[in-house]
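>>> Quick one, structure for this:
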Amino acid sequence: MVEQIAHLGSPVDQAQLWEALGPAQVIFLGENHDNLRHHKIQVELLEHLVGQGKKPALGMELFSKEQTSLLMAFVQSNPKDPAQAEQRLRKALGWEGREEWPGYLEVLRYARQERLEVFGLDLEAGLIRRLTGLEVQELSLVEQSLLPPVSNPGEAYQALMFEKFTQGHCGWSEPKHLAGLYRVWLARNEAMALTLTQAYRPDRPLVALMGSGHLEFGQAVPWAFKRRLPAVPTFGLALMEVGLDRPALAAYFEPQTSLGRDFGPSFPWIWLTDRHSWVDPCLRFKSQLAAHPQKSP
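Numbers count the residues shown, from 1 in each chain. Next up, the predicted model:
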């Protein structure tokens, strides 16, 4: 397919996109984690900023805040054997079996080339797993101390996210499961926003790479960040795969409502790319879903 950049339903070119994000000090850049093209576009955006004489810092959802020193040691290194250094980093991060690695390695290679600051954004994976199945008060006191304060975005947003989670899990809507996902969702968004506020400096832009859902409707991470630093100019761009049914451009900008609240389109700015896979991801779960019909949250 021919890639397409659009703003509120109208096609734009790359020069218009670069101009629009120019004043932003924090750029939220959505992605599909396993789409290599998305990571190449992320490098293009970093190259654009560096070409303007800027020195962006790079936050990445797929790594935890605790892994930051591993990332920084890599990007500040001058290894005699780059391939060996990359393998050591992959092992240290626990990414040896993950197919998304080539895309993230491409970004990290560029960060090392330009000596960019890189940091993990998310909560530690073990804490995420624990929080998925347990209420906050059921965690140990030390575990609770690792969680940021969470603000309630309201019932309409919760209902919208329950619907999104159900769609994302191919119709699975067991209430306890949805509640756990939402609990973790709020905690992770707050943690990533808090990390960005800690990394923020007015003399350089921040680029935050994360799944596009974490910036959808201007909620999630952007909302949590804006509560903390409301005066900082931000910009959101969702790198999106074209839909399986190849819908018209306007379909990506249809407004969404929940409990009477209008959330508007998912994203004002999108960059449509080809899909990582044209196989419907729900096909593999068809037999399991048949045994677990949808329930009301």
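>>> contacts, neighbours, all on C-alpha from now
Fine.
>>> For residue 280, give me its contacts.
residue 244 (CA atoms under 8 Å, 6 or more residues apart in numbering).
>>> SS state for it?
Judged by DSSP: H, G, I helix; E, B strand; the rest coil, the three-state class of residue 280 is coil.
>>> how close does it sit to residue 170?
According to CA to CA, to the nearest Å, residue 280 and residue 170 sit 10 Å apart.
>>> And for residue 207?
31 Å.
>>> neighbour-wise, which of these two wins?
The residue with more neighbours, out of residue 207 and residue 170, is residue 207; 26 against 16, by other CA atoms under 10 Å.
>>> Now do the helix or strand harbouring the more buried one, average pLDDT.
Assigned by DSSP states H and E, residue 207 belongs to strand 206-211. The average pLDDT within strand 206-211 is 98.
>>> Next: stretch 12-26.
The model assigns stretch 12-26 a mean pLDDT of 97.
>>> can you list contacts of that stretch?
With contact meaning CA under 8 Å, 6+ apart, stretch 12-26 is reached by 4-6, 27, 48, 202, 204-208, 232-235.
>>> Of those, which belong to helices?
residue 48 (DSSP state H).
>>> pLDDT below threshold where in the chain?
Low-confidence segments of the chain (pLDDT under 70): 285-297.
>>> in it, which spans are helices?
Under DSSP H, the chain gives helices at 14-21, 36-51, 68-75, 82-93, 101-114, 125-133, 141-145, 155-168, 175-199, 220-228, 286-290.
>>> what angle separates the longest one from helix 125-133?
Between the axis of helix 175-199 and that of helix 125-133 there is an angle of 140 degrees, by axes from the mean of the first three to the mean of the last three CA atoms, to 10 degrees.
>>> What of the fourth one?
Using the same axes, to 10 degrees, the interaxial angle of helix 82-93 with respect to helix 125-133 works out to 40 degrees.
>>> can you check the third one too?
Taking the same axes, to 10 degrees, helix 68-75 and helix 125-133 form an angle of 140 degrees between their directions.
>>> ok now helix 68-75, how far from the chain's centre?
20 Å (CA atoms, centre = their mean, to the nearest Å).
>>> contacts for it?
Helix 68-75 has contacts (CA under 8 Å, 6+ apart) with 85, 89, 92-93, 108-109, 111-113, 115-120.
>>> can you rerun that using 6 Å?
112, 119, 120 (CA atoms under 6 Å, 6 or more residues apart in numbering).
>>> Please spell out which residues along that helix are buried.
Buried residues in helix 68-75, counted by 16 or more other CA atoms under 10 Å: 68, 70, 71, 72, 74, 75.
>>> what's near enough to touch residue 206?
Here residue 206 is in contact with 26, 56, 57, 58 (CA under 6 Å, 6+ apart).
>>> Show me which of the residues you listed are buried.
Taking 16+ other CA under 10 Å as the criterion, what is buried in these is 26, 56, 57, 58.
>>> Just give me the neighbour total for residue 189.
As a burial measure, residue 189 scores 26 neighbours (other CA under 10 Å).
>>> From residue 249, how far off is it?
Residue 189 sits 28 Å away from residue 249, going by CA to CA.
>>> same thing with residue 263?
Distance from residue 263 to residue 249, by CA to CA: 19 Å.
>>> got it, and residue 35?
20 Å.
>>> With neighbour numbers in mind, choose between these two.
Higher neighbour count among residue 35 and residue 249: residue 35, with 20 against 17, using other CA under 10 Å.
>>> can you give me phi and psi for the nearest residue to the more buried one once chain neighbours are set aside?
Distance criterion CA to CA, 6 or more residues apart in numbering; nearest residue to residue 35, sequence neighbours excluded, is residue 276 at 5.2 Å. The phi and psi values for residue 276, taken as degrees, to the nearest 10, are phi -70, psi -40.
>>> thought residue 276 was touching residue 36?
No: look at residue 276 against residue 36 with CA atoms under 6 Å: they stay out of range, at 7.6 Å.
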